[in-house]
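Novice: A predicted structure for the sequence below; I have some questions about it.
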Amino acid sequence: GAGVSQSPSNKVTEKGKDVELRCDPISGHTALYWYRQSLGQGLEFLIYFQGNSAPDKSGLPSDRFSAERTGGSVSTLTIQRTQQEDSAVYLCASSPTGLFTDTQYFGPGTRLTVL
Amino acid sequence: ELKVEQNPLFLSMQEGKNYTIYCNYSTTSDRLYWYRQDPGKSLESLFVLLSNGAVKQEGRLMASLDTKARLSTLHITAAVHDLSATYFCAVDPFNNDMRFGAGTRLTVKP
């Protein structure tokens, strides 16, 4: 079956621009997670959704970051006024149920480069 | 501040040998995760350990969790080249606030 997909696969943007990153989870998966991976900070957990709800947004690096999930399916991570330190690979994962107790299935990631 | 420390960070081993990767963390957590990442690829979930004494095995990899010692191990048995990858551990001490280790880059040589 289809796995987790993310788009775009690569995004190059100029400092100060807004970007939207999209994640399509595996059909029927309740939980969805966003992470980012950078050379400087390593792997970081950003936010998760249980259905359409994100109970805890404290992992988002700043108020320039926001995320939403609609219809219990697709999620969008939006970064406003991008900065060079936002350059990273953004990974999305989904799992069938529950909060971090299931196996997570990862998408291929979106590589964001902020010039 | 929560710290998750893996060691070694780099590991080069010969095929057929055994070795253990260690993951120490600085605060109480009943949940620990192991992931694999191949070069240039995304993450793959290997193990989810949910209680003290949990042990899980998949092929040549076995993971265990000692919550009292705040230690998890990933044991590699009779390594093969296909196991070459970077392995990350992560803990979730505050419910849904995962923290990752820096990763162990494993190279298995013929």
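Specialist: Arrived safely.

Novice: drop to CA atoms for contacts and neighbour counts, all remaining ones
Specialist: OK.

Novice: so B:Arg105 bridges to which residues?
Specialist: Per DSSP bridges, the residues bridged to B:Arg105 are B:Phe10, B:Thr86.

Novice: Sheet-wise, list the partners of the helix or strand encompassing B:Ser72 with their directions.
Specialist: B:Ser72 is part of strand B:71-76, with elements assigned from DSSP states H and E. Strand B:71-76 has the following sheet partners, assigned by DSSP bridges: strand B:19-25 (antiparallel), strand B:61-66 (antiparallel).

Novice: ok now the shortest one, how far from the chain's centre?
Specialist: So that's strand B:61-66. 8 Å (C-alpha atoms, centre = their mean, to the nearest Å).

Novice: Output that strand in PDB, but only the C-alpha positions, please.
Specialist: Provided in PDB are the C-alpha atoms of strand B:61-66 (Å, rounded to 0.1, in the frame of the first residue of the first chain):
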ATOM      1  CA  LEU B  61      19.200  -6.600  16.400                       C
ATOM      2  CA  MET B  62      18.000  -6.800  20.000                       C
ATOM      3  CA  ALA B  63      17.000  -3.800  22.100                       C
ATOM      4  CA  SER B  64      16.500  -3.600  25.900                       C
ATOM      5  CA  LEU B  65      15.400  -1.000  28.400                       C
ATOM      6  CA  ASP B  66      16.400  -0.600  32.000                       C
END
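
Novice: got the contact list for the closest residue to A:Ser95 other than its chain neighbours?
Specialist: Spatial nearest neighbour of A:Ser95, chain neighbours left out: A:Gln104 (4.8 Å); criterion: C-alpha to C-alpha, 6 or more residues apart in numbering or on different chains. Contact analysis of A:Gln104 by C-alpha atoms under 8 Å, 6 or more residues apart in numbering or on different chains lists A:93-95, B:44-45.
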